[in-house]
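# kindly generate the corresponding structure for this input.
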Amino acid sequence: MRFIHTADWQIGKPFARIVDQRKRVLAQQARFSAVERIGEVAREADAHFVVVAGDLFDSPRVDRPTVSAACAAIGRIEIPVIAIPGNHDHAGPGSIWEQEYFLYEQKQLSPNLVVLTEPSAYRMESALILACPLRVRTSWTDPTEWLWSAGVAHEESSVPRIVLVHGSTQVFTGICEDEDEPNRGTTSGTIDLEKLAASSIDYVALGDWHGTKQVGPNAWYSGTPEPDRFAKAGEYDSGNVLVVDIEPGGPCRVRRVGTGRLRWANLNLNVSGDSGAQRAIGQIADAVGGGVDEALLNLTLTGTISIETAGRLKQELDSQEARLLRLKLVNQTVIEPTKDELQSLLASEPHPLVASVAARLLEMAAGNDGDAQIARVALRDLYVSVERSAAACSGEVGRPACGTAGGLFEVSA
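Sure, this is the predicted structure:
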């Protein structure tokens, strides 16, 4: 028997850190597109059904257009989709799962969707789903505990028994920092995998950790089907679903299939040296690709660079900021003018004021505080103005005379 294991769709996630509204909408839409790709994987694999191990939605309260779009996408999967609430879309009074509008759209657009909001055994022709939903965002009890209290953990079955659960385990507490949830810690009681392994459970379908990870012989986190954050953990492979082959009492065979489209890249680059900036520009291109609206980049730049190099980097970063869905930049570079650049700024007789300002900016730029960073930017811009002024005063008709204020600052046509 074959099925698809997925989790953590988090449809409706706001992506508030993406400032541009058009780009923010594209990031949100990517999560609906991932559902479409899950349907494609299910059809290609000839899967019997799909399980969603929690957090189908990003919140227990979802606006109506998002509900309708999600239900329509799920309906197009065609085979049964069995879901449980997670910590983001937990069940309980007032949750999305009890709202009249959701129930109406579910019936009209996704009759193949079954949401198990209570701890229960859901019997299908090809499998027995043991649902362990979350009814509150934070709980200190093991959500699988009911399997023993109800006496179903060791029951024999002629079909595979699949535990559907959301949360951390005693062997893996996966916390991957998300900017939209800066204070998030463990959100539910620890799932006891050792206890489950000693039972007659055939597969444990886990949700909560957004990377694909095996945490037991027959226990897997599927991860989110579409990456949604800059990962800071060393082992983090998101953007997948799992195709699972299983028989009662036998080993399971799990195959990961990539479904993610957006790149979330992390780079920490030192741009010092004659070729440092050019090398960094190449590394950025490799990380995000050459497309537009296809990637997000968390970039930290360090090193010592000349004023001219700082200008080249700024031009490249301005371009990337426009192309990327988001550029998160930490620029810790230190501007150190070359001898020629210092000569241009400090020994320019036509502009004694420029020399005085440059000297003061150089003094301020030597520090490590916020004012020093501002001074470095101002120094770079001053150098560009001086260079442009020199070019404009080289004999072009209609330009202000060299040495005038207009000759220095009025350099654009």
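
# near the closest residue to Ser306 other than its chain neighbours, how many other residues are there?
Nearest residue to Ser306, sequence neighbours excluded (CB to CB, 6 or more residues apart in numbering): Thr338, at 4.9 Å. C-betas here are computed from N, CA, C, even on glycine. Residues near Thr338, counting by other CB atoms under 10 Å, number 12.

# all helices for the chain, in order.
Counting by DSSP state H, the chain has helices at residues 21-45, 64-75, 100-109, 146-149, 193-197, 276-288, 307-323, 339-346, 352-365, 370-392, 405-409.

# relative to Val171, which of the ones you listed is closest?
helix 193-197 (6.0 Å; CB to CB).

# picking up where we left off before, lowest average confidence across the helices of the chain, which one?
Ranked by mean pLDDT, the helices of the chain end with helix 405-409 at the bottom, a mean of 37.

# list the buried ones in stretch 42-62?
For stretch 42-62, burial by neighbour count (16 or more other CB atoms under 10 Å) applies to 42, 45, 47-60, 62.

# now it: how far from the chain's centre is it?
Mean-position distance between stretch 42-62 and its chain equals 19 Å (CA atoms, centre = their mean, to the nearest Å).

# circling back to that earlier point, for the helices of the chain, which one sits closest to Gln332?
Short answer: helix 370-392, nearest of the helices of the chain by CB to CB, at 8.6 Å.

# for that closest one, which positions count as buried?
372-373, 375-376, 378-380, 382-384, 386-390, 392.

# ok, so of those, who is nearest Val254?
Nearest to Val254 among those, with distances taken as CB to CB, is Gln373, at 48.8 Å.

# what sits against that closest one?
Counting by CB atoms under 8 Å, 6 or more residues apart in numbering, Gln373 makes contact with Asn331.

# rewinding a little: and the residue nearest to Ser306, how far is that from Ile74?
60 Å (CB to CB, to the nearest Å).

# can you get me the start-to-end distance on stretch 301-315?
15 Å (CA to CA, to the nearest Å).

# where does the stretch 51-200 of the chain have low pLDDT?
For the stretch 51-200 of the chain, applying pLDDT under 70 flags the ranges 173-189.

# quick one: pLDDT of the residue nearest to Ser306?
84.

# do you know how far it is from Thr304?
11 Å.

# swap in Ile84?
53 Å.

# was I right to think Glu321 contacts Leu327?
Yes: at 4.5 Å, Glu321 and Leu327 qualify as touching, with contact defined as CB atoms under 8 Å.

# so between those two, which is more surrounded?
Each of Glu321 and Leu327 has its neighbours counted (other CB under 10 Å); Leu327 has more, 18 against 13.

# circling back to that earlier point, which among the buried residues of helix 370-392 gets closest to Ser33?
Among the buried residues of helix 370-392, Gln373 lies closest to Ser33 (CB to CB), at 39.1 Å.

# in stretch 26-42, what's buried?
26-28, 30-35, 37-39, 41-42.

# circling back to that earlier point, in strands, which of the buried residues of stretch 42-62 fall?
Val50, Val51, Val52 (DSSP state E).

# let me have the residues you listed in JSON lines, extended by distance to Gln106.
Output for these, formatted as JSON lines (distance: CB to CB, whole Å):
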{"residue": "Val50", "distance to Gln106": "15"}
{"residue": "Val51", "distance to Gln106": "17"}
{"residue": "Val52", "distance to Gln106": "13"}
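
# from those residues, pick the one nearest Arg22.
Val52 (28.9 Å).

# that closest one reaches Gly207, doesn't it?
Yes: if you go by CB under 8 Å, Val52 and Gly207 touch, sitting 7.5 Å apart.

# okay, and the common contacts of these two?
In contact with both Val52 and Gly207: Ala7, Ile84, using CB under 8 Å, 6+ apart.

# from Ala91, how far off is Ser139?
12 Å.

# neighbour count: the two, which is higher?
When Ser139 and Ala91 are compared for neighbours, Ala91 comes out ahead with 21 against 15, by other CB under 10 Å.

# give the contact list for that one.
Pro60, Pro85, Trp97, Glu98, Thr117, Glu118, Pro133, Leu134, Arg135.

# again, only using 7 Å
Taking CB atoms under 7 Å, 6 or more residues apart in numbering, we find Ala91 in contact with Pro85, Trp97, Thr117, Pro133, Arg135.

# domains of this structure?
With domains defined by automatic domain parsing, the chain comprises 2-258, 262-336, 338-413.

# and those domains, which is most packed in?
Of all these, domain 2-258 has the most neighbours on average by mean count of other CB atoms under 10 Å, namely a mean of 19.

# can you give me the end-to-end span of that one?
End to end - CA to CA - domain 2-258 spans 17 Å.

# what about the closest residue to Thr6 other than its chain neighbours, distance to Arg256?
Distances taken as CB to CB, 6+ apart place Val241 nearest to Thr6, at 4.5 Å, with adjacent residues excluded. Distance from Val241 to Arg256, counting by CB to CB: 7 Å.

# swap in Asp55?
Asp55 is 19 Å from Arg256, by CB to CB.

# then Leu299?
28 Å.

# what do you get for Asp371?
From Asp371 to Arg256 the distance is 50 Å (CB to CB).

# bridging residues for Ile82?
Val51, Val114 (DSSP bridges).

# pretty sure it is in contact with Gly54, am I right?
No: taking CB atoms under 7 Å as the definition, Ile82 is not a contact partner of Gly54, at 11.6 Å.

# which stretches of the stretch 201-350 of the chain have low pLDDT?
Ranges of the stretch 201-350 of the chain meeting pLDDT under 70: 233-234, 347-350.

# thought the residue nearest to Thr6 was touching Thr259?
Yes: using CB under 7 Å, Val241 is in contact with Thr259, at 5.5 Å.

# so what sits against both of those two?
Contacts common to Val241 and Thr259, judged by CB under 7 Å, 6+ apart, are Ile38, Val41, Pro225.

# which of those residues sits closest to Gly12?
Pro225 (14.8 Å).

# pretty sure that closest one is touching Glu40, no?
No: judged on CB under 7 Å, Pro225 makes no contact with Glu40 at a distance of 11.3 Å.

# shared neighbours of those two, which are they?
What both Pro225 and Glu40 touch, as defined by CB under 7 Å, 6+ apart, is an empty set.
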